[in-house]
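Enquirer: what follows is a predicted structure for the sequence shown.
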Amino acid sequence: MTATILEISGLTVRYGPVRALNNISFRVDRGTIVALIGSNGAGKSTTLKALSGLLELEGGSISFEGEFIEGIAAEKRVERGMAHVPEGRRVFPRMSVWENLQLGGYTRPESEINQDLDHVVSLFPVLGERRRQYAGTLSGGEQQMLAIGRALMSRPRLLLMDEPSMGLAPQMVEMILEKVTAIRDEGTTVLLVEQNAAGAIRLSDYVYVLRVGEIVHQSKGSEINDELLKTLYLGHDL
Amino acid sequence: MLGAIYALTAVAYTLVYGVVQLVNFAFGELFMLGAFICISLMLPSVLLFGVRVTMPALPLIMAAPLAILFVGLIGVLMERFAYRPLRNAPRLAPLIVAIGLSVLLQSLAQSIWGAEELSFPEFELSKLPPLVLFGSIHVNVMEIVVLAVAIVSMVVLTIFVKSTRLGRAMRATAEDPIAARLVGISIDRVIAAAFLIGSLFAALAGILYAQAYGFANPTMGFLPGFKALIAAVLGGIGSIPGAAIGGMLLALIETFGAGYLPNGSAYRDAFGFGILILLLMFRPQGLLGRRELNEAPAGSLVGTGSSRQQPQWYEDAVRLVGSWLLRFNPGKTVLTLGVLSVAVAAAFLITSDYWLRILIFVLTYGLLASGLNIVVGFTGLLDLGFVAFWAVGSYLTSILFVLVLKQKLGIAPADIWWLFYVNLLLGGCLAALLGIALGYPTLKLRGDYLAIMTLGFGEIIRITATNWIDLTRGPMGIRGIPSPSLFNFSLGQPRYLYLVGLALAVLIFACIGRLVRSYVGRAWVSIRENESAAEAMGVDTPRYKLFAYASGGFVGGVVGVFYAHSQQYVSPLSFTLFENILILMLIVMGGLGTLIGPFIGAAFWIIFLQVAQDIPFIQSHPELRYALLGLALVCLMIYLPQGVAAKARIKLTVPR
Ligand SMILES: Nc1ncnc2c1ncn2[C@@H]1O[C@H](COP(=O)(O)OP(=O)(O)O)[C@@H](O)[C@H]1O
Ligand SMILES: [Mg+2]
């Protein structure tokens, strides 16, 4: 086991003529929470989509657990131990909570699914209570928990999370962030994308700041203060 | 029993639509292939391509599953090679491909098995005497078997979709394909599975149908296939119980309608279409259904360039052909005049009547295609009922000249030669009115529903023309329509007919040219590119859509009048869905939304038809030409969605 689970170098992605990511490189160590923060449109979601295989790269490489995975289809990356909790949750609205979770374990052997379900329910008891309810009728916070639970069902070693706190009440944000820490403490590495930086910085071991497709800062979370953050977000040169 | 068959086929449409939001018109043809393959396997020998081939003479119990599996394989191949490359293309592209595949399969079946029908061999169950229930109801054993098979297969499918891993993956893909990929579902495999299962159901239905009616023929799939689609929409497309209910309901309505309405049985096939139209007007999501079918297909074929990356040599070649075609740009007066003088000179230089007649055909089809192009190419509305306008023009003038004036009033056509010219206008106006009338109920519809609905309209007109014998003489058609003449001078010779056609073409070409360059054209293109955005920008979309239907209809009507007088004969056979597809094909070939494209497409096709007649293999299998047409349509959509005259497209949109 090496310390590095994910290593990205020279990642470049474009949407038609628009370059959304310009030659970014970073690293995620096993067993840590790494935050990727930046303002709206900085390219955070694009980074995660490139990592999980939803977007094609224009250039650069992605090494996951020591193997290059750029050429591998999104669904195969799930099998390899990478799960993506997408922006806006994207649960399957007309399926029950239970079915959503079962689908999360799509790549796992049938025999182990029950065990994984128990594990997810112990982390998010509310999902157990609502198991028969349609996912589309859950509240925003519950849907977020379901989206995270669904991703955990594939037993990932790396969890990519895109703005889990988006649109949630402050208490709910607090609760979700606690769960992120709990997930890390169980041994799952987390790459956390947030626009709301304060919470993310507090719980993460390392922070990268993204601005219009480039990484403009990287450090331990404790080294970032409000003043610095403001400059980074607003884009004045340091 | 018919209900069970509709229901099974409806399941095919519903399943594939549910997963990929695609109306695969070709299921009707898979239905037909199921029947043909099954019968072939049951016979000791069959004629294939006119060659007698020994067959295993299997019992039905073995032949049917084999045939069904084989058709399933065809369905999977179809998805893999025709639809998958277009998965991210605008909605119009797979729809046109679906139509192309239908034509391809149907013509291939005709080439392979011949146009004659194949009768269904007898088998043990079919020979049993009918059962008598409650002393008075006689029921055929096979009817019970059909019903049982249908119910069992639907129940099995429902369970499969509800509670197996793959079934769950299918539903997940239907709800959110991206999220489905993120949980590790291979979308390609799920879609292939949906096509496989859909094809199995279509083939099963085809076999049941063939054994019930005792035969199979290459066109048997069209009506049941289309009605199954209606059934699927009726029940709410995407819903399996909906498909079952829709199928039963449709069969019931047809049976009662045929039995209780005056002259109902003649119009039996029109009921389905009528119901469809009513349904789409008032409850487009179906009885149990969802709404998506009615969503706007944003982005057009023509605006966004080819749907996928093309190799360099290919782009170069397109550019070369394009730049050559650019010289035909009608904006350049000199060149227009040049082309025109060549066209006029042709009238005098070509001495063979045969070739002049061919040129008349090119003009007729080019004009028809230009009319349809207004609707499909410029405004982006897929219209499968366009032939109706053509039919209206043709019948109007034929009825007036032959049935009313000559036969009722005893007036010789020569005395009222001018009526031809009046009729050109009259036919155009009548067709334009019809265009508005037909267009009105479709205003709220977008996307695939529109195609289905216009198809229904076209069929209703055709069925009416066939069955309203007092007015149209039904399938016999109307003979003896006089050639056009000017005072006492007959224009009946091919040379003069050609010139008349050319004059019409120039007039219409110029009118359409003016129209599409005006604000009307810009409004049309804005609807094509993105209807919601156009609406948001304040374009009165209903008005311009109606205007597009009216203009297209007008052209169709005018051409209809000309056509009737140049052929001197009309019959409902000229106005089939197939003709409509052919015209559509001409536009696609030449380039959607170009002025010259329809004519180039028409010239290509008609000259190809002539040239192909000299190839021996095609001589013995003339249907192969249509198979090629279907194939060309599919390939064009995949590789050259902009058509060969793409570079001559009028630049009304800002290049991206
Ligand atoms: N599908 C798309 N097509 C074109 N541009 C896009 C698309 N998705 C994102 N972008 C652009 O890429 C940039 C980065 O977007 P995104 O990664 O979603 O930002 P973030 O998640 O940091 O808010 C933005 O400028 C956005 O407009
Ligand atoms: Mg984002």
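Expert: Sure thing, it's come through. Numbering: from 1, shown residues only, chains lettered A, B, ... in the order given. Ligands and ions are numbered 1, 2, ... in the order given.

Enquirer: check what pLDDT whichever residue of chain B sits closest to ligand 2 gets.
Expert: Ranking the residues of chain B by distance to ligand 2 (Cβ to the ion) places residue B:178 first, at 14.1 Å. Placement of C-beta: from N, CA and C, glycine included. Here the pLDDT value assigned to residue B:178 is 94.

Enquirer: ditto for residue B:347
Expert: In this prediction residue B:347 is given a pLDDT of 69.

Enquirer: where in chain A is pLDDT low?
Expert: Applying pLDDT under 70 to the predicted model, the residue ranges of chain A that meet it are A:1-2, A:234-238.

Enquirer: returning to what we had before: quick check: which element contains the residue of chain B closest to ligand 2?
Expert: When secondary structure is defined using DSSP states H and E, the element that contains residue B:178 is helix B:177-182.

Enquirer: ok now that helix, how far from the chain's centre?
Expert: On the basis of Cα atoms, centre = their mean, to the nearest Å, the separation between the geometric centre of helix B:177-182 and that of its chain is 33 Å.

Enquirer: touching it from outside, list them.
Expert: Helix B:177-182 has contacts (Cβ atoms under 8 Å, 6 or more residues apart in numbering or on different chains) with A:52-54, A:74-75, A:78, A:83-84, A:86, A:90-92, A:103, A:151, B:169, B:172-173, B:187, B:190.

Enquirer: do the same with stretch B:532-550
Expert: Counting by Cβ under 8 Å, 6+ apart, stretch B:532-550 makes contact with B:296, B:298, B:374-375, B:378-379, B:381, B:383, B:432-433, B:435-436, B:438-440, B:442-443, B:520, B:523-524, B:526-527, B:531, all of which sit outside it.

Enquirer: drop anything exposed from those residues.
Expert: If you count burial by 16 or more other Cβ atoms under 10 Å in any protein chain shown, the buried members of the contacts of stretch B:532-550 come out as B:296, B:374-375, B:378-379, B:381, B:383, B:432, B:435, B:438-439, B:442, B:520, B:523-524, B:526-527, B:531.

Enquirer: bridged to the most centrally placed residue in chain A, which residues?
Expert: Residue closest to the mean C-alpha point of chain A, counted by Cα atoms, centre = their mean, is residue A:161 at 1.7 Å. Beta-bridge partners for residue A:161, by DSSP bridges, are residue A:85, residue A:192.

Enquirer: can you report phi and psi for whichever residue of the stretch 401-550 of chain B sits closest to ligand 1?
Expert: Closest to ligand 1 within the stretch 401-550 of chain B is residue B:530: 15.2 Å, counting by Cβ to the nearest ligand atom. Comment: the main-chain dihedrals of residue B:530 come out as phi -170, psi 100, following degrees, to the nearest 10.

Enquirer: the residue of the stretch 101-250 of chain B found nearest chain A in helix, strand or coil?
Expert: Checking the stretch 101-250 of chain B residue by residue against chain A with Cβ to the nearest Cβ singles out residue B:184 as nearest, at 3.5 Å. Using DSSP: H, G, I helix; E, B strand; the rest coil, the structure places residue B:184 in coil.

Enquirer: having no further points to raise, I will conclude here.
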